[in-house]
Each structure stands twice: as C-alpha cells, then as structure tokens.
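Undergrad: turn this into a model:
(2 chains)
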Amino acid sequence: METGSDEYGRLIGPIENKMIRSIWRIVDDPHDAEDALQEALAAIWKDLKRIKEHPNPQALILRMCANAAYDALRRRRRHAAVSLAADIEDASASPAESALGAERRAEILEAVRQLSRKQAVAVMMRDLEDMSYQDISQTLGCSEPTARTHVARARTRLATLLPHLLEHRPKKENRREGLDRRELRDAFSSERELR
Amino acid sequence: MKDWTDENSEMRSVLKENLDRQVPAEVEQRLRARLVAFRQQMRGVGSPAASRGHRVSVRRWRWAFAVGAAAAVLLVGVFHLFRQGEDGAALAYAAVLQQVRAAQTATCQVSVQVPGQPLQALRCTFVGPTLMRCDLGEAGAAIIDFGKKEILILDRTVKTFTVAQLDGVPHIDNLIERLRNLPDKMEYVESLGERPFDGRSLTGFRYSAKGITATLWVDPRANELTRAEFQIGQTTATMSDFAFDVPVDQSLLSLEAPQGYTRQETRVDVADLIAEASGSASPTRPEAQGTPPGVLKIWPSRGLSGPSMYSKAGEYYARGYDVMHMIQEAYFVSRPRIVLASPLPEGLYDVFLKMPEGREAQLWEAHNAGLRAELEKQFGITGHTEKREMEVYVLTAPGGRTAALRDPESTTHGSYCQDGKYRNVGLGFIEYGLGGVLKKAVLDETGLTGHYDFELACKGTSPEAAIAAVQEQLGLKLALARRSIDVLVIERAKTQN
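TA: Residues are numbered from 1 along each chain as shown, chains lettered A, B, ... in the order given. Take a look at the predicted model:
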C-alpha cells in the first residue's frame, strides 16, 4: 500500500521545480506566488484521488498550479503588480533595466489576465514550460488540436494587446535562428486549425 | 504588414524573454517550505505516547502557581492536542507545524488565568528538545531540564531556589517537542475561519477533547503561529508572541542556582496540580475527609497554588496561606495594623473547616475562632489589641457621599474581591484592598457610616496610585496624619520544628 510520503515522491517530488517556476512566471510576485501555491496544494489535497487516477497526474498538478496562478493574477490589480514585481528585480540588472523589465512583465501579465483561463494556461505551459501539446491536451482535458488552438489564439490575442512589443523586436531573419522546426510546424498547424 | 503566424511565433519569444525568469532564492525558499509542509501533511505523523502521573518536587511561592499552572495547563492542553491524529487540509496549519519542527529555539508569552487568581504573564523559552525556562518578571523563574528530569525554581524576591526531581516519569517532553510531534492531519479540527487580531487577519483551528479546548490562530499569509489558547475547566492559558530560532543565552537554562541564592525544597504531586488546573479535582485534600465537623485543621501545603480559598455550604478550604495570612483572617485585621513582637514561622499551609449540619450559617464565626485556637496550638501564637500612635492614611469625604458609593444590592456578608469589587462594606474596608499598596493603616473619618457597594481598582503599585484611585473613582481623599489606632500585637510566636 502506498503511503503519503510515497505518493508525494511519485506525484509531486519530480515536478516541484516546475510547480514553483510555473507559478512564479505567471504571478511574478512573492505574496501572490505563495497564495497561488497554497491554493494549488489545497486543490491537490482535495482532488488527490482523482489525480492519482488521472492518466497524466503530473500534468494535472501543473494545471492546478497554473490555474491557481492565473486566478491570483486575475485578482491582482495592475498597479500592485508593477510595484511588487519591481521589489524583487534581478540584482544584476541596472535600476533602469530593472524598472523597465518589471514594467514590461507587468504589461504582459496584464494582457495574460485578459485571456480566457484555458488560453492563458495553455500558452504558459507551451511557451514557458515547453510542454508538448499532448501533455497540454491531457492537462486541459481536451484534444490535442484544441490545445493547439488555445495556444494559437492566446498568442494572437497577446499580439493584439501588445503590438509595440513585437514592433520593437529585431528583424525576423535574425530571430529565426531561435525558433526550432517544431515551433514553426506548430505555428502552421495552429493556422490550419483556425481556418 | 506581418501575418498572424509571425506574430504568433514572435509572441512566444516575447513571453519567453520577459517571463522566463529564475525564481528568486527567497521566493523559492518560501515556496519550498510550503511544499515541505504539504509533504508532511500527506505523510501524516502519528501521535506520541501518553504520559501521566508525573511527580515533581517544588517549593511553593506566591507566584509559583502561575508557573506550575502554565506548565500543567499547557502540558495537558498540548497533550490532548497531540492525541488528535487526524487528517485535514489546512496548509497554513501544516506550514506552522513545519516551522515549529525545524526550530532549534523558541520563545513565547504565556498568560494564565485561574479563577480567583490574578492574571499571570510568563515568558517561556525553549531550547532543543529538553530545556524550558519560564520567567515571571522580577518575581522569579523556573527552569526545567526534561532530559535530566530536574526543575530549578528561582525566587528573586527572597533569593531562594529549589532544585527538584521529576521522579518516576516514564515519558515527558517539553511543549515544543510535543508540538513537533503534532500530527499534520486534522480532519476533526474545527475551522474557525478568519478573525482580525491586532490588525492581522488570522485563521483559527479548534480542537476539543475531554473537556479541553485548544485553539490555534495562524497567520495564513506569513504561515506564522500567532496565538494558541487553551481552556481547561475554568482555567485559560494563552500563548502568543512566538519567535523561533532566536539566539538564547544557554546560561539562562542552567540548573545551577545563581550565587547568593539559598536552597529550599518541598514535595508535591504534579498530577494533583494538573487536576487542580483543569478544575477536575476536589478542592480539598484527602486528609480533610477524616476531619470531624466543626473542627478546623491546618496542614503544611503540598500543592503549588498560591493563596486561594474555597467556601461553599458551610465548608471552608484555603490553600497556600502563610502564617501572617492566617493571622489576618483569624483576627480579621489588615497587615498594617499587625505588630510582630517576634518572628513568625515560615512555610505555607492549607486550612480546612466543615460545619456540622444545621450550623452552616456560623461558618465564619467558627472559622475565626478555630483559626485563632489552631494558631495558638500549632504555632504558639497569641495576640492582643492595644492603642498605638502611628502614621496612617486618613480617609475623608470633602464632598460628602458620591454617586460611586451605591446602596448595597444585597444584605449578605460584606465582601471584597481582588478585582476591586467591594460589596456591602464600610469605607474603612478599603484598608484591606489597598493595604498592600499603601503599607499603612487607613482610618475612616468620612462620617459616612453606612455600608456600600463600590468599585475601586488601583492600577499602580505606589501609594500615590492608590490615593489617586480613591480620589478619582470614589471622590474621597486620603492624606497622611498621625493618629492613635487599634493594632494587633502578636506575641510568643515560636518557630515550628
């Protein structure tokens, strides 16, 4: 019979870092991160039986974390996000860079707030956690094409909300090196689904 | 113009570049602490074995009851807390447990309220699994080494100490050690929701078992244990102002008494003390069962309680009285009016009297007469009254009777309580309430000869505070003057072997 300690080691132990990272990247605030993790753990505890029976329990746990982080983000006011994020800026950056980075992150997160929950969770899992669409689909409880749609729509919506961030980026040719083939394929797949 | 595919891919890069940040070490540490607590919660630690029937040897002091009661209340309270091996989902609670488990040292404030006793405030320090110290301000301190099973009690007021043994204790832990063994699961714990405390919103958890209620108040945002309240019978103890892993001077937890202290020792049973603190014990000692009705008995005390008295239906039982206290009761005279011609015996005593059936109403007369007789028989104490001129506080009423002096609601025996409630008494009675502060007798020259109900609370410990309280609360005046007054002269007092 599996003990509580074994369950933790099997379900959560291997993804501790991912849980912390995924929450942090979405909320970008120490207090909200704690609140979000607390809520996620409460949800995990409540649904432990369902999680254990899930085909991909760790993906489900990460979804719970992302959901909690998204909820925390939605609850937060924008001005609070800016000030709190600036408090914990990277010490290696200059004050000006820190302020700019914090402001930009707050702006992006404000845009993420305007996405639907599924879109936000999907795009964060895909773009920040590098999860496969198969894992994302299992996590969201949808088909893989639908998961792709969520990601694509989220990106499009963000691009609409943050056009200046795209305009100020270097030219496409210089950036393509950073994109792998899978990414290009995903993008085109999403395009097909949308049409 | 960009097509949507470009934007789609570019946005991925924007997100990654701006949000793909390392988690700051401080944040990661805090989040990991939550995960560790959650792991503990999933693991579900069992409860420790029970331990009862401890014996401990200690010396009584006026303040010692508070130390003992605190220890007893908390030992019992936390003991019951630990027995609850239940599941639960309160992660803040689990995080608090984790914090306690990880701490090497801890300090907290403990307030103990025993019915009929003044509120006592202690500062408790815990070091490692075996050392505990309780401080009561300038009065003294108690240090317990649960590993060596020894207790040292220091009385700073008279520079005495007692080292006693925790005899025959099969298993005993200090409070923090017990907290460390608290189960994480708490399915049967009642959630009290949030409540504001000192500007903070705290989450409460309550355990009730076998007449003991333990309530924890946790700051869910900071994951801090903020308050722990225990209710055992009518006794309450509140732990607050917790600090963990604070630097502690190890010498303060030594069982070696400081220089200049002399040693004293008495034996008591902690099991009695626990029962007493929980209100489950009979107020009288076993010897009282064999005492014939109408006969007053005095025995050396064996409990920790400082002066306390029970009286009901023709029965009187007092504990922890010194000889001076008994003289005051026997002759119904305040301390400033007692003149000692020779020193009094030391020690603390219990007094018991049960009136025969049908004579309950004569309890107090029998008590006074019996106590005088027993004082003479056991201690060779006799006294007589004479006039002496001395400096006293003269009480006057420049404005006559004030609204603060109400007609008595009851015509029963006059009384005075330590909380400053005087019922159906003459104004000279404030000498009993303020005598310890004024240090001199009070002579009533108000001309107000009636009996009154009134409240008089003196918050300070100086004569000036008492004078001010009388002026402000009763509209009366206290002033020093020389007068010839009745005093009780105690003679032929012999020291008991």
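Undergrad: right, and residue B:331 touches residue B:490 too?
TA: No - checked against CB atoms under 8 Å, the pair residue B:331 and residue B:490 is beyond contact range at 9.1 Å. Any C-beta I mention is one placed from the backbone N, CA and C, and that applies to glycine too.
Undergrad: who touches both of these two?
TA: residue B:383 (CB atoms under 8 Å, 6 or more residues apart in numbering or on different chains).
Undergrad: higher neighbour count, the two?
TA: Neighbour comparison, residue B:331 and residue B:490: the larger count goes to residue B:490, with 21 against 18 (by other CB atoms under 10 Å in any protein chain shown).
Undergrad: helices and strands of the chain: which one bottoms out on pLDDT?
TA: Unless you meant another one, I'm taking chain A. Within chain A, no helix or strand scores below helix A:78-87, which has a mean of 37 by mean pLDDT, DSSP states H and E.
Undergrad: wait, chain B
TA: That would be, for chain B by mean pLDDT, DSSP H and E, strand B:55-57 at a mean of 26.
Undergrad: how about the residues of the stretch 201-350 of chain B by chain A?
TA: Residues of the stretch 201-350 of chain B lying near chain A by CB under 8 Å from any CB of the partner chain: B:220, B:221.
Undergrad: switch the cut-off to 6 Å
TA: Within reach of chain A by CB under 6 Å from any CB of the partner chain, the stretch 201-350 of chain B has no residues at all.
Undergrad: count the residues that sit near the residue of the stretch 201-350 of chain B found nearest chain A.
TA: Among all residues of the stretch 201-350 of chain B, residue B:221 sits closest to chain A, at 7.0 Å; criterion: CB to the nearest CB. Using other CB under 10 Å, residue B:221 is surrounded by 15 other residues.
Undergrad: just for chain A, where's the confidence low?
TA: A:1-5, A:76-100, A:167-195 (pLDDT under 70).
Undergrad: how about the residues of it by chain B?
TA: Counting by CB under 6 Å from any CB, the residues of chain A close to chain B are A:4-5, A:7-8, A:16, A:20-21, A:24-25, A:30, A:33-34, A:37-38, A:41-42, A:45, A:88, A:104-105, A:108, A:127-128, A:152, A:155-156, A:158-159, A:165-166, A:179, A:187, A:191.
Undergrad: for the residue nearest to residue B:392 when sequence neighbours are not counted, what are its contacts?
TA: Sequence neighbours aside, residue B:441 is the residue nearest to residue B:392 in space, at 4.5 Å (criterion: CB to CB, 6 or more residues apart in numbering or on different chains). Residue B:441 sits next to B:336, B:337, B:392, B:485 when contact means CB atoms under 6 Å, 6 or more residues apart in numbering or on different chains.
Undergrad: quick one, which of those residues are buried?
TA: B:336, B:337, B:392 (16 or more other CB atoms under 10 Å in any protein chain shown).
Undergrad: mind putting those into CSV with secondary structure?
TA: Below are these laid out as CSV (DSSP: H, G, I helix; E, B strand; the rest coil):
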residue, secondary structure
B:336, helix
B:337, helix
B:392, strand
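Undergrad: how about the residues you listed in TSV, adding pLDDT?
TA: Shown next, in TSV, are the buried ones among the contacts of residue B:441 (pLDDT from 0 to 100):
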residue	pLDDT
B:336	87
B:337	90
B:392	92
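Undergrad: so which of the residues you listed comes closest to residue B:94?
TA: residue B:336 (57.6 Å; CB to CB).
Undergrad: so the closest one touches residue B:437, yeah?
TA: No - taking contacts as CB atoms under 6 Å, residue B:336 lies outside contact range of residue B:437: 10.7 Å.
Undergrad: distance of the residue nearest to residue B:392 relative to residue B:482?
TA: 11 Å (CB to CB, to the nearest Å).
Undergrad: ditto for residue B:262
TA: Distance from residue B:262 to residue B:482, by CB to CB: 39 Å.
Undergrad: could you do residue B:376 as well?
TA: Distance from residue B:376 to residue B:482, by CB to CB: 33 Å.
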